[in-house]
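# Attaching a predicted model along with its sequence, questions to come.
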Amino acid sequence: MADYEDITYSVEDKAAIITINRPHRYNAFTARTVEELIKAFRAAWADQGVRSVILTGAGEKAFCTGGDVKQRAETGDYGPSESGMFEIMALQQVIRHIPKPVIAAVNGVAIGGGHVLHVLCDVSIASDTARFGQAGPRVGSFDAGFGTAYLARVVGEKKAREIWFFCRQYSAAEALEMNLVNKVVAPEDLMTEARAWAAEIAALSPTAIRFCKQSFNADTDHQNGFSTMAMTALDAFATSEEGMEGAKAFAEKRAPEFDRYVQWH
């Protein structure tokens, strides 16, 4: 079993449980966190005894709040990794392509890149204290790939645009109403419910489930090209003056000053 610093990994009753374990930063991820998540998903993929994956966050406050903006404000990137890269695209891909259903157990806020991760999971179960939303345009970031295009497939174009253009937060009840999550339960019942869903999956044909997931993915796989291009654009934008203004404002707990970057051509 691999050693992890930012996450925990366990297998219980045919379900791999992957927990982002950075509650002091609201489970925001660094480059190392992302790399560890990829390793854990690949371990679950290779383990023939695993029939599904549950992804959650440590503590009660946060599922995941996306990239660690304080880290980005300090160093201009998301910190070091073994590969030398920030492999968020690879993490999104492994969640989509692992031939086993991925259940998001959303225990608190799912914001920004954390919101994208839960959207990419096959199903989402939320605590009734969970909150959902995007923060990219507020902190000088965006996800112009799966985080926007696939979200529109899930909640519809109008709602997806609302989520990204206004950076509002939504309650678990509102998320259920817009089909952003599959079920809402009390906080103390969240992992019990997620394990129950995993147990139902374990009783079904793994090959049939695999074909179903690949068929669902085929309908939106064309978005992969957009997502790859968007990540290239984000690499350039995140280190620009405008991108860094969002990160610095967040770290300094002030309103960002974006007016001077307006360019309408």
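Good, I have the coordinates.

# For the chain, which segments count as helices?
31-46, 69-75, 88-97, 113-120, 136-139, 151-155, 157-166, 172-177, 190-202, 206-218, 223-238, 241-251 (DSSP state H).

# Just give me the lowest mean pLDDT stretch among those helices.
Among the helices of the chain, helix 223-238 carries the lowest mean pLDDT, a mean of 77.

# buried ones in that one?
Within helix 223-238, the residues scored as buried using 16 or more other CB atoms under 10 Å are Q223, N224, S227, A230, M231, L234, F237, A238. C-beta coordinates here come from the backbone N, C-alpha and C atoms, glycine included.

# same thing with stretch 187-202?
By neighbour count on 16+ other CB under 10 Å, the buried set for stretch 187-202 is L190, M191, E193, A194, R195, W197, A198, I201, A202.

# Distance from the chain centre to it, please.
Centroid separation between stretch 187-202 and its chain, computed with CA atoms, centre = their mean, to the nearest Å, is 19 Å.

# Stretch 2-13 now?
Centroid displacement of stretch 2-13 relative to its chain, using CA atoms, centre = their mean, is 18 Å.

# Give the buried residues for it.
Y4, D6, I7, Y9.

# Who are the contact partners of the residue nearest the centre of the chain?
Taking CA atoms, centre = their mean, the centroid of the chain lies closest to L117, which sits 1.7 Å from it. In this structure, L117 makes contact with L55, C64, L91, Q92, I95, A104, A110, judged by CB atoms under 8 Å, 6 or more residues apart in numbering.

# Can you lay out those as a markdown table showing distance to Q214 and neighbour count?
Converted to a markdown table, the contacts of L117 look like this (distance: CB to CB, whole Å; neighbours: other CB atoms under 10 Å):
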| residue | distance to Q214 | neighbour count |
| --- | --- | --- |
| L55 | 19 | 28 |
| C64 | 26 | 30 |
| L91 | 19 | 22 |
| Q92 | 16 | 25 |
| I95 | 14 | 23 |
| A104 | 19 | 29 |
| A110 | 26 | 33 |
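
# measure I18 to E60 for me?
18 Å (CB to CB, to the nearest Å).

# which of those two has more neighbours?
It is I18, of I18 and E60, that has more neighbours when counted by other CB atoms under 10 Å, with 23 against 13.

# Might you report the residue contacts of that one?
Listed by CB under 8 Å, 6+ apart, the contact partners of I18 are I7, T8, Y9, L37, A40, F41, A44, V53, I54, L55, T56.

# Assess the claim that the first one and I17 are in contact.
Read that as I7. No. I7 is beyond contact range of I17, at 10.3 Å (criterion: CB atoms under 8 Å).

# residues touching D143, list them.
Counted by CB under 8 Å, 6+ apart, D143 has contacts G113, V116, G136, S227, A230, L234.
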